[in-house]
Structure formats: C-alpha cells, structure tokens
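Novice: Show me how the following folds:
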Amino acid sequence: MKGLRSAALILALALGAATAANAQIGIPVGSDAPGAAVHELDGTPTDISKYIGKSPVMIEFWATWCPVCKKLEPKMLDLAKRYGSQVKFLGVAVSVNESPKRVKLYAEKYHYPYDLVFDTDGNAVTAYDVPATSYIVLIDGSGKVVYTGQGEDQDLEAALKKVI
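Specialist: Got it, this is the predicted structure:
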C-alpha cells in the first residue's frame, strides 16, 4: 500500500495535479482535521493530532527534492517567522525518495523555524488525501480545515488571516 501511495504522489507531482487556483483538492475544507501517526526526525513515534485543536496549524506536505516546494520555501519560512507566535507551522516530509536524516540536514542547512515530522508509512498523506508535494492544509484553532492548496503561487497570507 505504501508503494502505491508513493507512486501516486510522484505521478500527481509530475502531472501538476490541481493547479487551478480555486480547485478543491485533498481533504475537504470544513472537515475535522485528522490525526496521523508519523515520526519525529530522530525516529520517535508521534501523531499530528498533538498539534490540532490548540491553535491554528499550517501544514505543508513537502520533500527536499521537490522543485515546487523549493520555490514555496521562502514564503513558508517568512510566514513562520512573522506568524509563528499565532499559528503553529508543521512540515510533513513525505517518505518518497527521502530519509529522516536527509530531511534533518536540509532543515538545519536552511534554518527551518518550525517542527518537521517524517511520514514514514504514508499515514498523513492518506489521512489528508494529499495530491502532491507543496500541498498546504490550514486548520483553525477548533480543528477544522479552513484552507487547502497546492503549488508555489498560493496566497498563504490571506489564508492565514482566516485563522488569526
């Protein structure tokens, strides 16, 4: 099953899935944000649910090898620095052609100011119906999904204003 999810993620990335600005992709807006078993970069098991329902959360599903993620990176890092006291930022590294060690080294090199987890078994990708890397899910303080989007041209600041 993991291999199938990985292949689907790579295919979606290659095809540029859901590039229309207002297209609903992935988990439906208005849904309760699910938990998902993932791992800290040191291998410790954890769950995305620990971030939900305490404050707004912006989740990015990404990979170190993803060119669209790289283009989105300056915006995400800037938003995390400016809004990090009001919104929890979480990077979920997909497990396709990736390792926790590689993600940790990348995050250190580029000074990521927010939490990163590794989706070892694809649980988060499945729970959030992730269509491709560079996929963003914004969750309000009550645990509801209020925004989803994919790609480098998302207006994430406008999305954040929905929850702060």
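
Novice: which SS state does K71 fall under?
Specialist: helix (DSSP: H, G, I helix; E, B strand; the rest coil).

Novice: Number of residues surrounding it?
Specialist: For K71, the neighbour count with other CB atoms under 10 Å is 13. The way it works is simple: take the backbone N, C-alpha and C, and place the C-beta from them, glycine included.

Novice: cool, and D42?
Specialist: D42, neighbours per other CB under 10 Å, totals 9.

Novice: for P74, same thing?
Specialist: So P74, with other CB under 10 Å, has 11 neighbours.

Novice: Mind telling me what element the spatially most central residue of the chain is part of?
Specialist: Per CA atoms, centre = their mean, the C-alpha nearest to the average position across the chain is that of E60, at 1.9 Å. Here E60, judged by DSSP states H and E, is contained in strand 57-62.

Novice: who does that strand touch, helix- and strand-wise?
Specialist: The contact analysis (3 or more CB pairs under 8 Å, 6 or more residues apart in numbering; DSSP states H and E) places strand 57-62 against helix 67-83, strand 88-94, strand 135-139, helix 156-160.

Novice: Out of the ones you listed, which is closest to V38?
Specialist: V38 lies closest to strand 88-94 among those, at 6.6 Å (CB to CB).

Novice: No more questions from me, cheers.
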